[in-house]
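[1] Just a sequence and a predicted model for now, questions to come.
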Amino acid sequence: MAQSPPPRVLIFPLPLQGPVNSMLKLSELLCLGGLHVTFLVTDHIDARLRRFSNVQSRFHSYPGFRLQSISDGLPENHPRGDKFLEVFESMKVHTKPLFKELLQSSGGGGGGGRISCVIADGGLGFPLDVAEEVGIPLFIVRTISAACLWVFFCLPQLIQSGELPFTGNDDLDVMIKSVPGMERYLRRRDLPYFCRSGNVADPSIELYKCESTNNPRATGLILNTFEELESPILSQMRGACPNIYTIGPLHAHLKAKLAATGASLPDFSNSLWEEDRFCLVWLDDQPPKSVLYVSFGSLATVTRAQLMEFWHGLVNSGQRFLWVIRQDSVAGESQVPMELLQGSKERGFVVNWAPQEEVLAHPAVGGFLTHSGWNSTLESVYEGVPMICWPYFLDQQVNSRLVEEEWKLGIDMKDTCDRSVIEKTVRNLMEVRKDEFQRSAAQMASSAKTSLGDGGSSVSHLERLIQDIKAKSV
Ligand code: UDX
């Protein structure tokens, strides 16, 4: 009798670089675990992945992998990057019925067979409703920190207790009491930026208020974190949502799994931009732990004035730096200002997009000035690189507080952008308090590695996830 094919899982990330990157890693881990995967992205992301990443060639070795795309309902020339609320709104209207059709149709697996399980980013919302209507089990995956997700869970209590709303003009150092487990360190300024809107009907508050009701509806909640990093928060969250799988850091989990199978490590580029690999050659010429890597991820934009504050702060600190400035990251400018590209060549190197994981793993890198996006934070934690945090939005305000107060892995510089503060903070991280930060970063990196070793927490959670998917897919 012919053997039935392995269950096919449909993975649907948010159409953003961070979530696409980590959910591709999850896809590869599931393929290695014997499952078939359909990776569903919007047409816009599909075009960028095909152009800039090596996804197609890399997944050749997994015959059960399919890359499939779906419309987000927006015109091709829409400036999606900085207008993600518009993208979500459009997807709710235009993508939702297409998604339902896809799950219902027999060809929903992209020519690869019936879909028996869905793993969707909880930020999308509608896949959960659709999966319930169609009767397919759905696991929610979140590519943000457990800490930020827990803050989202607690939004109704924050409103009920009167701690929300407030505005940016109120005292932002007031402590927050309605997020259990975070009372010791969470201030108003550490809540997601949209909490400062002064309006409980703010669209973002509306969007995230449902987390505490949505997540428990799913078959399980998958988080890109590890137990040792966020255990106090995770135990709080398990009270509301018991079936949680902590399987991160995903990028390192995948490398560990491939290394264990004896496979040679491929180039993991999931980039939506072209990487400048020459910066690695430049790093080869720098002394150990001497370079501050500077990057604000794939979405953050800065004004020209802020950019110049960073430039002066970095140059005046006297430290070496490697700085990623995306073409579209300076508000109102289509090009990186020339003075930056020409200045301080011997100590500073500016690129449009870097192979970040390799940069953070490079021995010359001793610090990371980051926007505290969750992938960047985990990549830095894993490599033992201390951080200066300059959060931009969403989960980043929460993450940066944990980096400084809970994990002691760096300095939170939120709500300031002043050249003398930047200069002093960079000197503190790279010189004055270097040993202290390097020590705590090395300890946390070691915990991350333990979670991925034999019998490690992330390894056990992934095994349980794969078993549960197989059991639910019969
Ligand atoms: C966004 C939010 O910022 C983040 O907080 C949320 O958790 C997910 O969505 P993004 O802003 O892009 O993502 O930040 P981050 O999560 O840090 O992801 C950026 C990814 O791009 C990282 O995996 C990083 O390695 C990669 N990257 C960044 C590069 O490969 N090259 C670069 O030059 C910069």
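    Nice, I can see it.
[2] Low-confidence bits of the stretch 201-350 of the chain, can you list those?
    Low-confidence regions of the stretch 201-350 of the chain, defined by pLDDT under 70, span residues 264-271, 332-345.
[3] Tell me which residue in the chain sits closest to the ligand.
    Proximity of the chain to the ligand (CB to the nearest ligand atom) peaks at Gly373, 2.3 Å away. Any C-beta I mention is one placed from the backbone N, CA and C, and that applies to glycine too.
[4] Report the contact partners of that residue.
    By CB atoms under 8 Å, 6 or more residues apart in numbering, the contact set of Gly373 is 18, 297-299, 395-396, 399.
[5] Of those, which are in range of the ligand?
    Counting by CB under 6 Å from any ligand atom, 18, 297-299, 395-396 from the contacts of Gly373 sit close to the ligand.
[6] Of the contacts of Gly373, which pair is most distant in space?
    Spatial extent of the contacts of Gly373 (CB to CB) is set by the pair Ser298 and Asn399 at 15.6 Å.
[7] Show me which of these two is the more surrounded one.
    Asn399 (27 against 23; other CB atoms under 10 Å).
[8] Number of residues surrounding the nearest residue to that one once chain neighbours are set aside?
    Nearest residue to Asn399 in three dimensions, chain neighbours excluded: Ser372, at 4.3 Å (CB to CB, 6 or more residues apart in numbering). Using other CB under 10 Å, the number of residues around Ser372 comes to 31.
[9] And Cys439, how far from Leu409?
    I think there's a mix-up here, since residue 439 is Arg and not Cys. As judged by CB to CB, to the nearest Å, Arg439 and Leu409 stand 10 Å apart.
[10] now do Asn352
    According to CB to CB, Asn352 and Leu409 sit 28 Å apart.
[11] Looking only at neighbour counts, state which of those two leads.
    Neighbour count, other CB under 10 Å: between Asn352 and Leu409, Leu409 has more, with 23 against 15.
[12] who touches the more buried one in this structure?
    380-381, 386-387, 403, 437, 440-441, 444.
[13] These into CSV, with extra columns for secondary structure, neighbour count and pLDDT?
    Output for those, formatted as CSV (DSSP: H, G, I helix; E, B strand; the rest coil; neighbours: other CB atoms under 10 Å; pLDDT from 0 to 100):
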residue, secondary structure, neighbour count, pLDDT
Ser380, helix, 28, 98
Val381, helix, 26, 98
Pro386, coil, 28, 98
Met387, strand, 28, 98
Val403, helix, 24, 98
Phe437, helix, 24, 98
Ser440, helix, 16, 98
Ala441, helix, 24, 98
Met444, helix, 20, 98
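[14] re earlier: what pLDDT does the model give the residue of the chain closest to the ligand?
    Looking at Gly373, its pLDDT is 95.
[15] Please apply the same query to Phe52.
    On the pLDDT scale, Phe52 gets 80.
[16] tell me the phi and psi of it?
    Dihedral pair for Phe52: phi -110, psi -20, per degrees, to the nearest 10.
[17] was I right about it contacting Asn352?
    No: using CB atoms under 8 Å, Phe52 is not in contact with Asn352; the gap is 11.6 Å.
[18] any residues in contact with both of the two?
    Counting by CB under 8 Å, 6+ apart, the residues touching both Phe52 and Asn352 are 273-274.
[19] Is any residue of stretch 80-100 near the ligand?
    No: using CB under 6 Å from any ligand atom, stretch 80-100 stays clear of the ligand, with a minimum separation of 8.9 Å.
[20] Contacts for that stretch, please.
    If you take CB under 8 Å, 6+ apart as the criterion, stretch 80-100 is touched by 12, 15-16, 40, 42, 44, 70-74, 78, 123-127, 129-130, 133-134, 203-204, 207, 298-299, 301, 328.
[21] Narrow these to those that are buried.
    Among the contacts of stretch 80-100, the ones that count as buried by 16 or more other CB atoms under 10 Å are 12, 15-16, 40, 42, 44, 70, 72-74, 123-127, 129-130, 134, 204, 207, 298-299, 301, 328.
[22] So which bits of the stretch 101-250 of the chain are right by the ligand?
    143-144.
[23] try 8 Å
    Neighbours of the ligand within the stretch 101-250 of the chain, by CB under 8 Å from any ligand atom: 143-145, 148.
[24] Can you name the residues of the stretch 251-400 of the chain that neighbour the ligand?
    The stretch 251-400 of the chain comes close to the ligand at residues 251, 269-271, 273, 275, 295-300, 324, 326, 351-357, 359-360, 370-377, 379, 392-396, 399, as judged by CB under 8 Å from any ligand atom.
[25] Out of these, which sit inside helices?
    251, 356-357, 359-360, 374-377, 379, 396, 399 (DSSP state H).
[26] wait, which of those is closest to Ser420?
    If you rank those by distance to Ser420 using CB to CB, Gln396 comes first, at 23.3 Å.
[27] wait, what's in contact with the closest one?
    Neighbour list for Gln396: 371-373, 389 [criterion: CB under 8 Å, 6+ apart].
[28] and the two most separated of these?
    Checking the contacts of Gln396 with CB to CB, the most distant pair is Gly373 and Cys389, at 10.3 Å.
[29] who touches both of these two?
    Common neighbours of Gly373 and Cys389, counting by CB under 8 Å, 6+ apart, are 396, 399.
[30] Flag the shaky bits of the stretch 351-474 of the chain, pLDDT-wise.
    The stretch 351-474 of the chain contains residues with pLDDT under 70 at 474.
[31] number of nearby residues for Lys424?
    17.
[32] Glu227 too?
    Glu227, neighbours per other CB under 10 Å, totals 21.
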